[in-house]
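Asks: Provided below are the primary sequence and the corresponding predicted coordinates.
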Amino acid sequence: MKCPMQNGLEIGEKMNNFKVILITSNSLRHRYAAKILNDCLNLVGIVSEKKSLNTGLQTSDKADKIIQRHFSQRDDIETKYFGKISSFPDDINLLSVNQGEANSDDVFKWVQSKHPDIVILYGCSIIKNPLLNYYDKSIINLHLGLSPYYRGSGTNFWPLVDDLPECVGGTIHLATQNVDAGGILSQVRPENISKNDTAHDLGSKTIISSFKKMCEILPLYFSGKIKPYSQDLSKGKLCRRKDFDSEAVLKLWQNFENGMLIKYINNKSERDNSYPIFNEY
């Protein structure tokens, strides 16, 4: 079975002729992503999958308060960067589904009905067949983290626990059966880092840089001007959701208090070069 990309698009065709579907979640950062993509691409549909903030951990009241504070701070800072976007774009078809339903037959049929040329994934469940196979090489994922250095869950959290802010960033890559392993189209680090930034400032700046880059590189990829860069999966760290706990949050906060960002900024070029990213075009 050929996907629409193979049937309908000619090399060099303008991106405003490409129909784009976004499969994402339902938080402010996801509504911001939809707004940016709607501004720069021909967004014809959004699948919004509800997600829970529940970490799945059994914790003490003290640990719960630490984790709740961590996420509360994130919400406040993201509002500062993204504004108060209360809904997805009004003029775009929206399908809202429950957590875990992004791979349902109903979603697959709905996406097919919009005849997209490109499917963009951001913050949703891991997409599987038949959607993944049907839109082979036309499903683009934004992975918040610099793959392959950090793969899995919380991949812009763990570098800061490990005292490696140079490994915070975003990876735009092809979605494949092997999670976070598809060929890389481009990578970014957060721009305009300040010594006063928190983990959530870095995260918000990464999201802004990532979607700016997304709008730049998709026309290049779909006009044949850039080729995916294969990842070396023998490198890096696989991060697991179950390892996220209050102790890790406290270690992250301690690193910031100990001047982690100042040390990084003062030696940024050399430290970045120790973890090269793919951004060649």
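Replies: Okay, I see it.

Asks: ok, and what's touching stretch 196-210?
Replies: Surrounding stretch 196-210, the residues in contact under the criterion C-beta atoms under 8 Å, 6 or more residues apart in numbering are 29, 32-33, 73-74, 77-78, 80-82, 142, 144, 156-157, 160, 165, 168-170, 172, 188-194, 252, 256, 261. (C-beta placed from N, C-alpha, C; glycine too.)

Asks: are any of the residues you listed buried, and which?
Replies: Judged by neighbour count, with 16 or more other C-beta atoms under 10 Å as the criterion, the buried members of those are 29, 32-33, 74, 77-78, 81-82, 142, 144, 156-157, 160, 165, 168-170, 172, 188-190, 193, 252, 256, 261.

Asks: Tell me how far the residue nearest to residue 149 when sequence neighbours are not counted lies from residue 178.
Replies: Nearest residue to residue 149, sequence neighbours excluded (C-beta to C-beta, 6 or more residues apart in numbering): residue 236, at 4.5 Å. In this view, residue 236 and residue 178 are 14 Å apart by C-beta to C-beta, to the nearest Å.

Asks: Would you mind telling me which of the two has more residues around it?
Replies: The residue with more neighbours, out of residue 236 and residue 178 and counting by other C-beta atoms under 10 Å, is residue 236; that gives 20 against 10.

Asks: Wait, that one touches residue 151, no?
Replies: Yes: with contact defined as C-beta atoms under 8 Å, residue 236 reaches residue 151; the gap is 5.9 Å.

Asks: mind listing what the biggest strand by length in the chain pairs with, with the direction of each?
Replies: For the chain, the strand reaching the highest residue count under DSSP state E is reported as strand 42-49. Sheet pairing of strand 42-49 (DSSP bridges) gives strand 19-24 (parallel), strand 93-97 (parallel).

Asks: and of those strands, who's closest to residue 122?
Replies: The closest of the strands paired with strand 42-49 to residue 122 is strand 19-24. By C-beta to C-beta, the value is 4.7 Å.

Asks: So for the closest one, mean pLDDT?
Replies: Taken as a whole, strand 19-24 carries a mean pLDDT of 97.

Asks: ok, now stretch 32-47?
Replies: Summarised as a single mean, pLDDT over stretch 32-47 is 96.

Asks: low-scoring stretches of this structure, by residue?
Replies: Flagging of the chain using pLDDT under 70 yields the residue ranges 1-16, 52-60, 280-281.

Asks: Quick check: next helix or strand after the top helix by length along it?
Replies: Longest helix in the chain, counting residues (DSSP state H): helix 199-222. Downstream of helix 199-222, the next assigned helix or strand under DSSP states H and E is strand 237-239.

Asks: Now do the next helix or strand after that following strand against helix 199-222, angle only.
Replies: In the C-terminal direction, the helix or strand that comes right after strand 237-239 (DSSP H and E) is helix 246-257. Interaxial angle, helix 246-257 versus helix 199-222 (axes from the mean of the first three to the mean of the last three C-alpha atoms, to 10 degrees): 90 degrees.
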